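J.: next comes the sequence, and after it the predicted model I'd like to discuss.
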Amino acid sequence: MTPIGKLYGHPRQPQTKVILSAAIISGLEIDLPPFEFGVTNKSPEFTQKFPLAKIPAFEDNEGFKLVEGTAIARYVSSLVPDASLLGRNAKENAQIDQWVHFAETEILIPSNNIYTGIVMKYLPGFSEEQHKHYQKGVERSLKFLEDYLASRPSGLLVNGDLTLADITLAAAVQRAGQTVCGVKEREQVYPRVFAHFAKVINDERIKHVFGEPGFVDEPLAFRDE
Amino acid sequence: MKTIGKLWGYSAQRQTITILAAAALSGLDIDVPHFEFGVTNRTPEFLEKFPLGKIPAFEDNTGFALVEGIAIARHVCSLAPEAVLLGRDASERALIDQWIQFSEYEISAYNMEIRALHTGRLGPHSKEMFEGLINRQVRFLRYLETYLVSRSSGFLVGDEVTLADIALAASTQQTGRVTCGATERALYPNIFAHYDKVVSIPRMKEIFGEPKFVQEVLAYQECQ
């Protein structure tokens, strides 16, 4: 099969995982050239194509270029409508949009901020107050999601089949499990959210994309250093 | 004209503006019930439909409910014949998506964070952090400015206004109120010309309201 194009991204980056999963479920192949953060995205070849030097970045075989993870994921998902990653009608499409945005804004970004601030230490001046703010935001969103999933017979977000919303949420929840959700939170406070996560990543087709969860035992504590 | 449904939001909110502008340019009518922040979105009726209590929130005439501003905006656009605001093919659709994401995460998110820091909502913070955020946004503003110079139509994608332009204009309006005072706006003439171009489309001025751009940027201030 001819790959549809090249995806510049890191296999452990949540948005890259979502795009790769969308391609696989759609039965498409996508090239993932070797990527070294800080090297590849600083090379002239890369920055000439993608001046912002951010990943993920996509280029198809005709030179059509795209950035912004969700835009790439949605584009890839749109190439094979039968795979139903974007739903089967306008309302499902809208619901998928809704959940993708929710997962990204309310779960992935705040969890990522904590991850970047504490684990990676890339956020100078990251404070305890900010940590609490993001953590509370994630918790409020997870609770909402937990309640919503109780109403879902399939255990999936929109219909009975895996959609882009489920994949995006799983990537976001993985980050939450690496930062604000320890064993107790995963098993007792948000069991349905993490059952959804397990359902998605245990799909044989995309298991290898998500890899090991890398979950924490206890929620990460703020450390002043 | 029959309305497509109800939108709960408030007129100064970026996402509400985006949705209302999308509806107007799609030739669709949308009901905007009276909304009082902190009151309406705490009523049992609202919370039953929208448990997170967040706005904007949309409900069509069949009871189909949606949240998340951009999902609502995109859905509204899709209801118009030919969905012109969403692009003419898969590539245009993708580029529109890209610029919508860019406007929200690379421009607007910084405006929101900087404003939150400035008002003390995120507690004490260093000047380094505050200015770090401003500088990160500058990188994106410069990129956008350069990109817009290359656009003969003056619009982000294709030759006509799309949802990407509406979303960007709503973010730019915020930018002019937070990180870009008069001096900074002069650094990005094409970004602000794009804003003017979108707002000058019939019916847009009324939806976007007065720009209320600041003279000076919000500056770092130590919190107590």
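T.: Nice, I can see it. Numbers count the residues shown, from 1 in each chain, chains lettered A, B, ... in the order given.

J.: from the chain's centroid, how far away is stretch B:53-70?
T.: Here stretch B:53-70 shows a centroid-to-chain-centroid distance of 17 Å under the convention Cα atoms, centre = their mean, to the nearest Å.

J.: gap between the two ends of that stretch?
T.: 17 Å (Cα to Cα, to the nearest Å).

J.: what residues sit buried inside that stretch?
T.: B:53-60, B:65-70 (16 or more other Cβ atoms under 10 Å in any protein chain shown). (Glycine included, C-beta is placed from N, CA and C.)

J.: how about stretch B:138-149?
T.: B:Val138, B:Phe140, B:Leu141, B:Tyr143, B:Leu144, B:Glu145, B:Tyr147, B:Leu148.

J.: got the phi and psi for the fourth one?
T.: The phi and psi torsions at B:Tyr143 (degrees, to the nearest 10) take the values phi -60, psi -50.

J.: packing partners of the host helix or strand of B:Ile191?
T.: B:Ile191 belongs to helix B:189-199 when elements are defined using DSSP states H and E. On a contact count with 3 or more Cβ pairs under 8 Å, 6 or more residues apart in numbering or on different chains; DSSP states H and E, helix B:189-199 meets helix B:127-149, helix B:163-178, helix B:204-208.

J.: change it to 6 Å
T.: Applying 3 or more Cβ pairs under 6 Å, 6 or more residues apart in numbering or on different chains; DSSP states H and E, one finds that helix B:189-199 contacts helix B:127-149, helix B:163-178.

J.: state the pLDDT value of A:Asp60.
T.: pLDDT, A:Asp60: 97.

J.: once you drop chain neighbours, what's closest to it?
T.: In space, and not counting its chain neighbours, A:Asp60 is closest to A:Gly5: 3.6 Å by Cβ to Cβ, 6 or more residues apart in numbering or on different chains.

J.: try B:Val217
T.: Closest to B:Val217 by Cβ to Cβ, 6+ apart is B:Gly181, at 4.4 Å.

J.: all the helices of chain A, residue numbers only.
T.: A:14-25, A:44-49, A:69-78, A:90-102, A:109-114, A:128-150, A:164-177, A:183-184, A:191-201, A:207-210 (DSSP state H).

J.: does chain B sit close to the second one?
T.: No: for helix A:44-49, no contact with chain B is found by Cβ under 6 Å from any Cβ of the partner chain; the gap never falls below 11.4 Å.

J.: separation between the residue nearest to B:Val217 and B:Phe213?
T.: Going from B:Gly181 to B:Phe213 by Cβ to Cβ, to the nearest Å gives 8 Å.

J.: do the same with B:Ile55
T.: The value you get for B:Ile55 to B:Phe213, if Cβ to Cβ is used, is 24 Å.

J.: tell me the pLDDT of residue 188.
T.: Picked chain A for this. A:Gln188 is given a pLDDT of 97.

J.: hmm, I had chain B in mind actually
T.: So, for B:Tyr188, pLDDT stands at 98.

J.: who's in contact with the closest residue to it other than its chain neighbours?
T.: Excluding its sequence neighbours, the residue lying closest to B:Tyr188 (Cβ to Cβ, 6+ apart) is B:Glu145, at 4.7 Å. By Cβ atoms under 6 Å, 6 or more residues apart in numbering or on different chains, the contact set of B:Glu145 is B:Tyr188, B:Asn190, B:Ile191.

J.: how much space between B:Glu145 and A:Glu185?
T.: Counting by Cβ to Cβ, the gap from B:Glu145 to A:Glu185 is 44 Å.

J.: one more: B:Gly38?
T.: 29 Å.

J.: next, count neighbours for residue 114.
T.: In the absence of a named chain, this looks at chain A. Close neighbours of A:Ile114, defined as other Cβ atoms under 10 Å in any protein chain shown, add up to 25.

J.: hmm, I had chain B in mind actually
T.: 21.

J.: for A:Gly38, same thing?
T.: Residues lying near A:Gly38 (other Cβ under 10 Å) number 7.

J.: from chain B, how far out is it?
T.: 16 Å (Cβ to the nearest Cβ, to the nearest Å).

J.: and chain B, what are its domains?
T.: Per automatic domain parsing, the structural domains of chain B span B:2-83, B:90-208.

J.: adding distance to A:Gly38, write these out as a markdown table.
T.: Formatted as a markdown table, the domains of chain B follow (distance: least, Cβ to Cβ, whole Å):
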| stretch | distance to A:Gly38 |
| --- | --- |
| domain B:2-83 | 31 |
| domain B:90-208 | 16 |
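
J.: local confidence estimate at the closest residue to B:Glu68 other than its chain neighbours?
T.: Spatial nearest neighbour of B:Glu68, chain neighbours left out: A:His101 (4.1 Å); criterion: Cβ to Cβ, 6+ apart. You'll see A:His101 listed with a pLDDT of 98.
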